[in-house]
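Enquirer: here you go, sequence then predicted model.
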Amino acid sequence: MGEIQVWIGLDVGKADHHETVIDAAGAIRFDRPVRNSEEAIERLLDDAGEHAALVIDQPGSIGMLAVAVARRLGSRSRMCRGS
């Protein structure tokens with residue numbers, strides 16, 4: 001996998017999440033709601049591109065679906081966890 005080109009910030013919620021995608025220059029590419037569904041999360045990761053890092057505010061509990069989808073997609077995304 002190459003260098004990270006975009007960062008995906010995902011603020012998770014029970015029914016909906018909110019994504020903010022920022023490129024390496026600091027420009028916001030996307031800032032929008034995302035359904036908490038496998039299809040919507042896959043689309044989010046596809047839209048962000050191959051060299052994206054996913055940052056989730058709550059990787060456990062309500063963020064588990066996003067974590068599982070990112071892991072399943074493997075080389076198309078990286079996942080970072082806060083402390």
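Expert: Looks like it came in fine.
Enquirer: quick check: beta-bridge partners of the most centrally placed residue in the chain?
Expert: Closest to where the C-alpha atoms of the chain average out (Cα atoms, centre = their mean) is Leu54, at 4.0 Å. Taking DSSP bridges, one obtains Ile8, Met79 as the residues bridged to Leu54.
Enquirer: surely it and Ala66 touch.
Expert: Yes. At 7.2 Å, Leu54 counts as touching Ala66 under the criterion of Cβ atoms under 8 Å. Quick note: C-beta positions are derived from backbone N, CA and C, even for glycine.
Enquirer: so what's in contact with those two at the same time?
Expert: Common neighbours of Leu54 and Ala66 (criterion: Cβ atoms under 8 Å, 6 or more residues apart in numbering): Leu10.
Enquirer: check contacts around the residue nearest to His51 when sequence neighbours are not counted.
Expert: What sits nearest to His51 in space, not counting adjacent residues and going by Cβ to Cβ, 6 or more residues apart in numbering, is Gln5, at 4.1 Å. Residues near Gln5 by Cβ under 8 Å, 6+ apart: 23-24, 49, 51-52.
Enquirer: of those residues - the most surrounded one?
Expert: Neighbour count (other Cβ atoms under 10 Å) singles out Ala52 as the most crowded of the contacts of Gln5, with 25 neighbours.
Enquirer: with adjacent residues omitted, what lies nearest to that residue?
Expert: Val6 (4.8 Å).
Enquirer: show me the contacts for the residue located most distally from the centre of the chain.
Expert: For the chain, the largest distance from the centre (Cα atoms, centre = their mean) belongs to Ala25, which lies 18.0 Å off. With contact set as Cβ under 8 Å, 6+ apart, Ala25 has no partners.
Enquirer: I'd guess Phe30 is in a strand, am I close?
Expert: Yes. Counting by DSSP: H, G, I helix; E, B strand; the rest coil, Phe30 is part of a strand.
Enquirer: any low-confidence regions in the protein?
Expert: 1-2, 74-83 (pLDDT under 70).
Enquirer: for it, what spans make up the helices?
Expert: 38-48, 64-73 (DSSP state H).
Enquirer: what sits up against the longest one?
Expert: This points to helix 38-48. Under Cβ under 8 Å, 6+ apart, the answer for helix 38-48 is 6, 8, 10, 17, 19, 21, 29-30, 34, 52, 54, 65-66, 69-70, 73, 76-77.
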